[in-house]
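1. here are the coordinates; sequence isn't available:
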Ligand SMILES: Nc1ncnc2c1ncn2[C@@H]1O[C@H](COP(=O)(O)OP(=O)(O)OP(=O)(O)O)[C@@H](O)[C@H]1O
Ligand SMILES: [Mg+2]
């Protein structure tokens, strides 16, 4: 056998997957986001994707903010620049760690559950049943999840940013002997609106990725419980990788030095 | 046949990968008649009706409903096409996130935008027709027995009084008495609504009761079709073997002989 054949086959498989995903994305946008809009479904998903993710995102942000304060203190004290701790924690949380970590945590929580739910609906023919009841599954299932995720993630990240900065403040004032007033003043003086909005833009994109991957892998699962399990794993892994790649891309795009 | 058929299939083919399932199916069902399709397990009966509904895309051939092409419909046109159908899935395919009554009323509320209270009344009435009490409506599908799920699925299929109804094994998993109740219900639907019906069954007692005509599918082709009364003297060795349930005959089961 030609030794290059497996490589060729893998490339073809990858291209086929990319093609399928492109078609799915088109259908999700063109069919899923145009009327008829199922408001009830959107509310339900907002609750499930947004509200229920608050504890996970909040805890992640708090601990990350605290750890960040310690690490930055360690680094900056070598240059006698400890006064930077507050502003760099705020910057690191809002521009980078807030959205990325929230994105990854929500991908694990929500991306997986979307894929499992829609995958089960697929293999038990519930999605076919929807179609026979004159209901477009892209409008009824995919659209509401995309909309809810794109709305939820920035809100979650905004809350996470606040909690993350508070985590830094908590560590800074408790174990690093910062003055509480000075710490907060430092944060407020140096933090720019742009830092926050760039993080929220990222969050919206990550929300889209999470919901899209969950729906795509769910809709394409086949072969019973095992297939649904595989879809769930794939949804989380692909969402996580795409989030990190999109983060790099967005950081480069949104990056400008004043 | 003088009247043009309500459902017409000509030379329909469908394979999955290298595996052919339908090898040129020809079938004609006149308006208001009830056709029962019989045939061994895995011969493509479910695939056949999914092709008519457009849930699977046939590889070739003609499918017409009321004289209009039924293959490759999209968007609104597809929704309007499907609004004429009711479908009972072999595996029930109930929406497990919705209570029973909302399952039954789904097509009325989503497809026809009937208000909830009115749809609920109709759902309760349809549940009554399949022998389920009104309080079953509040339960979720997972809380029902297999036979009850089947009856809910049947109620859902007939809820919107469709002009064409497909029943995929309506009586499998029911006790003989309930099976006969369901048979009567199917006969009643066809007679009262004047609906055209295609039913799939292995149960010859049920077939004799609900069929005006019977067709037998074998190896992806219709090998015999005739009036229900003629099935007992079809002169076709395959049909003979099937209706008498004999292991010996022209149909060879692929089982390893000990
Ligand atoms: N989505 C699919 N992908 C691949 N193969 C399929 C698919 N659906 C059905 N098949 C194959 O097509 C064949 C016919 O399946 P089908 O479900 O129509 O059988 P059936 O006649 O309804 O059998 P039964 O009486 O057991 O329900 C089977 O061999 C099955 O493996
Ligand atoms: Mg079947």
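-> In hand now; what should we look at? Computed from a predicted model, the values in this text were never measured in an experiment. Ligands and ions are numbered 1, 2, ... in the order given.
2. who in the stretch 151-258 of chain B is up against chain A?
-> residue B:156 (C-beta under 8 Å from any C-beta of the partner chain). C-beta coordinates here come from the backbone N, C-alpha and C atoms, glycine included.
3. Nearest to chain A: which residue in the stretch 151-258 of chain B?
-> residue B:156 (7.8 Å; C-beta to the nearest C-beta).
4. So for the closest residue to that residue other than its chain neighbours, what's the pLDDT?
-> Excluding the flanking residues, the one nearest residue B:156 by C-beta to C-beta, 6 or more residues apart in numbering or on different chains is residue B:104, at 4.9 Å. Reported pLDDT at residue B:104 in the predicted model: 97.
5. To what extent is residue B:104 buried, counted in neighbours?
-> 31 (other C-beta atoms under 10 Å in any protein chain shown).
6. Low-confidence bits of the chain, can you list those?
-> Unless you meant another one, I'm taking chain A. A:257-258 (pLDDT under 70).
7. actually chain B
-> Using pLDDT under 70, chain B drops low at B:1-3, B:254-258.
8. for it, what's the longest helix?
-> Longest helix in chain B by number of residues (criterion: DSSP state H): helix B:176-193.
9. Tell me the first helix or strand C-terminal of that helix.
-> strand B:196-200 (DSSP states H and E).
10. ok, back up a step: a strand runs through the residue nearest to residue B:156, doesn't it?
-> No: looking at residue B:104 with DSSP: H, G, I helix; E, B strand; the rest coil, it is helix, so not inside a strand.
11. Tell me how far it lies from residue B:207.
-> 26 Å (C-beta to C-beta, to the nearest Å).
12. contacts for the longest helix of chain B?
-> With C-beta atoms under 8 Å, 6 or more residues apart in numbering or on different chains as the contact definition, helix B:176-193 has outside contacts at B:32-34, B:129-131, B:147, B:151, B:154, B:158, B:161-163, B:165, B:167, B:170-171, B:174, B:195-197, B:199, B:203, B:205-206, B:209-210.
13. Ok, stretch B:227-244 next?
-> B:36, B:38-40, B:204, B:207-208, B:211-214, B:216, B:218, B:223-224, B:226, B:248-251.
14. mind redoing it with 6 Å?
-> Applying C-beta atoms under 6 Å, 6 or more residues apart in numbering or on different chains, the contact partners of stretch B:227-244 are B:204, B:211, B:213-214, B:216, B:218, B:223-224, B:249-251.
15. does any part of that stretch sit near ligand 1?
-> No: on the criterion C-beta under 6 Å from any ligand atom, stretch B:227-244 is out of touch with ligand 1, staying 11.9 Å away.
16. would the residue of the stretch 151-258 of chain B closest to chain A count as being in a helix?
-> Yes: under three-state DSSP, residue B:156 falls within a helix.
17. any idea how far it lies from residue B:18?
-> From residue B:156 to residue B:18 the distance is 36 Å (C-beta to C-beta).
18. higher neighbour count, those two?
-> Between residue B:156 and residue B:18, counted using other C-beta under 10 Å, residue B:156 has the larger neighbour count: 32 against 5.
19. What spatial separation is found between that one and residue B:4?
-> As judged by C-beta to C-beta, residue B:156 and residue B:4 stand 30 Å apart.
20. all helices in the stretch 1-150 of chain A, in order from the N-terminus.
-> A:5-30, A:39-45, A:54-77, A:85-91, A:98-106, A:112-123, A:126-132, A:137, A:143-174 (DSSP state H, counting those that start in this stretch).
21. My understanding was that residue B:114 contacts residue B:106; is that so?
-> No: using C-beta atoms under 6 Å, residue B:114 is not in contact with residue B:106, being 10.7 Å away.
22. Between the two, which has more neighbouring residues?
-> Between residue B:114 and residue B:106, counted using other C-beta under 10 Å, the more crowded position is residue B:106 (23 against 17).
23. Quick check: buried residues in stretch B:128-145?
-> Residues of stretch B:128-145 classed as buried by neighbour count (16 or more other C-beta atoms under 10 Å in any protein chain shown): B:129-132, B:136-137, B:141, B:144.
24. number of nearby residues for residue 118?
-> Using chain A here. Residues lying near residue A:118 (other C-beta under 10 Å) number 27.
25. could you do chain B instead?
-> Other residues close to residue B:118 by other C-beta under 10 Å number 12.
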